[in-house]
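[1] Following is a predicted model, sequence given first.
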Amino acid sequence: MRLVIHEPVERMDRPYARRWWALLVLCLSLLIIVMANTALTVAAPDMTRDLGLSSAGLQWVIDGYTVPYAALMLLLGAIGDKYSRRGALVLGLVVFGGGAVAGSLADSSAGVIAARAVMGVGAALIMPATLSLLAATFPRAERAKAITLWTATAGLAIAAGPLVAGALLRHHGWSATFLINVPVAVVAIVGALVLVPPSRAAHRHRVDHVGGLLSVVWIGSLVYMIIEGPHFGWGVRAVTAAVVAGLGLVAFVVWELRHPRPVVDVRRFAHRRFAGSNLAVALFFLAVFGAFYYLTQHLQFVLGYDALDTGVRMLPLAGAVFAGSALTGYLTPRVGMRVTVTAGMVGGTAALALLTRVDAASSYGDFVLPLVVLGLAIGLALSPCTDAIMGAFPESELGVGGAVNDTSLELGGSLGIALLGSVLAGSYSSHLADATKGGGLPAGALSTAQDSVGAGYAVAQGIGDKARQLGEQAARAGHAGNTEKAAQLKEQSGQLVHGARQMADAVGSSFSDAVAHTSLVGAVILGVGTVLVAVLLPWKERVPGTTAERGTTTEMGTGTDEEGGAAAGTGAEARTGSGAETGVEDGRSAVAR
């Protein structure tokens, strides 16, 4: 037996025997690209100190990864479909690993941002490839279970990132959080070659490069606007990005409607199941990434946990994701995706609503229930949506299907951090101004403290340091026999100690109040979105392969009868039916996949 598997999955006349091992490789690849963002949340303080990052510099260290990642997925997913999905995965892992090495060696903010951008390009190759290879490798009867495990891995990565980074930061510098990706990427590359069968579209038409480039322009500009506007103000750059995003989207839609082989058929968004699933993914990750952004800060700054302790305390979220995934695997076939997705979104809304009770007296115990409920909601809602999105694409466009799902995820996450992060910053600043009113804090110190919760505690620490200096001076004056001066200095020191304590209390209470306020905004957004998704998702579930389903996909413009007939005879299609499905699968079009 050859070490590297060469037989394409489309030529196999039976389900691939090692497909669950292949899924492990795909999930491992997914794990590192999600952790690349969540791990940075706990490494950011060390990076800021060592590299002298400004607030803007730190923001772009984080988002330098996000922009190319979101913008390139559609185009690179289409290219992977045409040439090689496994090739796209392996190339993405190589690029991602190279960017990680470069990031660990960088000694400036520009170097780290560039390295993160390279990692984003790698992630844009990896993410759609994992889903397209999963869909191509697993028979239809097992695909929902495989997607459930894929989704659970994404939830695990959200919580595991801070845990892994925190463990590394106890004994190593922030560069270790980059280097940890390299051995994992190497293992995934070897696993992909040995365990993941190659796959590409049976009908390899020319890639719609113009549509792909237009998608890069409008998605990239939109993400840039989402990042730039709320954080740095609606100046020329943010407004220009908004205009480019709007014009690019219009041009993209017009071009795709007219092109015979579009990179993605935008008519799909007129169908309720597809549109509702994408909306649910985007809204859910808006809430999850936004909440994760301020919860990790609260645990670290207000409750005083270090990076590792913060990661450990996020584990209830990861465990609940797996429990929710197991639950949706049982419920969705019985009650339908509309019920499970809506229930999951209701759970997410409830989790955010529970966080509105956070105040200055809250301890970690007050966060456990919201984390568990949020994790259950993620596991319950997301895998049925991903399965529905992937099921709307024919075999020839599985990479594009994965890219559409992942673009919705990334746009939602970016919007969540930008929107809820902006609400958090504004609320914290306002509450801090009220809490320190009449306290004699200099305007410059207040302005600095309002920048972030970390800056607020730094101001309080500075006041405390000044108090200690005055205390030392008082002691020296006392030893020198200058009792009057010693008394004055001691009194000033005591006032500053009291002021430092008041400032720290004001920062903690202001941030806690901001977390509660931001959670309320997030709960309202997700609650309204839940109603929209519940209305969009149809009650009646179509069975893949039925006449009604074939009629729907033809209506959506996803393929011609000639394509369907040709694809029906491929090995991949022969593998999709099992049991009761076999009769309807034998003659169905590839479009139903």
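    Yep, that arrived.

[2] Based on its surroundings, how many neighbours for Gly211?
    The number of residues packed near Gly211 is 24, by other C-beta atoms under 10 Å. The way it works is simple: take the backbone N, C-alpha and C, and place the C-beta from them, glycine included.

[3] Leaving out the residues flanking it, which one is nearest to it?
    Val263 (4.0 Å; C-beta to C-beta, 6 or more residues apart in numbering).

[4] what's near enough to touch the one you found?
    74-75, 78, 207-208, 211-212, 215, 256, 400 (C-beta atoms under 8 Å, 6 or more residues apart in numbering).

[5] Name the weakest-confidence residue in those residues, if you would.
    Within these, Val207 has the lowest pLDDT, namely 85.

[6] Now do the SS call for it.
    Using DSSP: H, G, I helix; E, B strand; the rest coil, the structure places Val207 in coil.

[7] Wait, it touches Ala78, no?
    Yes. Val207 lies in contact with Ala78 (C-beta atoms under 8 Å); the separation is 5.2 Å.

[8] Between those two, point out the one with more neighbours.
    Of the pair Val207 and Ala78, Ala78 is the one with more neighbours under other C-beta under 10 Å, namely 27 against 16.

[9] Centre of this protein to the edge, which residue is at the far end?
    Farthest-out residue of the chain from its mean C-alpha position, per C-alpha atoms, centre = their mean: Gly481, at 63.6 Å.

[10] Look up how far His172 lies from it.
    According to C-beta to C-beta, to the nearest Å, Gly481 stands 51 Å off from His172.

[11] same check, this time on Gly413
    27 Å.

[12] Check Glu484 too.
    Relative to His172, and taking C-beta to C-beta, Glu484 is found at 52 Å.

[13] ok, now Val281?
    Per C-beta to C-beta, Val281 is found 35 Å from His172.

[14] cool, and Ser221?
    On the measure of C-beta to C-beta, Ser221 and His172 end up 37 Å apart.

[15] next one: Ala467
    Distance from Ala467 to His172, by C-beta to C-beta: 34 Å.

[16] ditto for Leu496
    36 Å.

[17] So for these two, which sits in the more crowded spot?
    Taking other C-beta under 10 Å, Leu496 and His172 do not tie; Leu496 has more neighbours (21 against 13).

[18] and the host helix or strand of that one, average pLDDT?
    Assigned by DSSP states H and E, Leu496 belongs to helix 483-536. The average pLDDT within helix 483-536 is 89.

[19] Likewise for stretch 116-123?
    Across stretch 116-123, pLDDT averages out at 94.

[20] From what I see, Gly527 and Ala350 are in contact.
    No. Gly527 is beyond contact range of Ala350, at 9.3 Å (criterion: C-beta under 8 Å).

[21] helices or strands up against the helix holding Leu496?
    Applying 3 or more C-beta pairs under 8 Å, 6 or more residues apart in numbering; DSSP states H and E, one finds that helix 483-536 makes contact with helix 272-297, helix 337-355, helix 398-435, helix 453-479.

[22] would TSV of those helices with distance to Ser104 and mean neighbour count be doable?
    Shown next, in TSV, are those (distance: least, C-beta to C-beta, whole Å; neighbours: other C-beta atoms under 10 Å):
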stretch	distance to Ser104	mean neighbour count
helix 272-297	22	24
helix 337-355	35	23
helix 398-435	24	24
helix 453-479	24	17
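
[23] Could you count how many residues lie near the closest residue to Val187 other than its chain neighbours?
    Leaving aside its sequence neighbours, Val187 sits nearest to Leu28 (C-beta to C-beta, 6+ apart; 6.9 Å). The tally of other residues near Leu28 (other C-beta under 10 Å) stands at 18.
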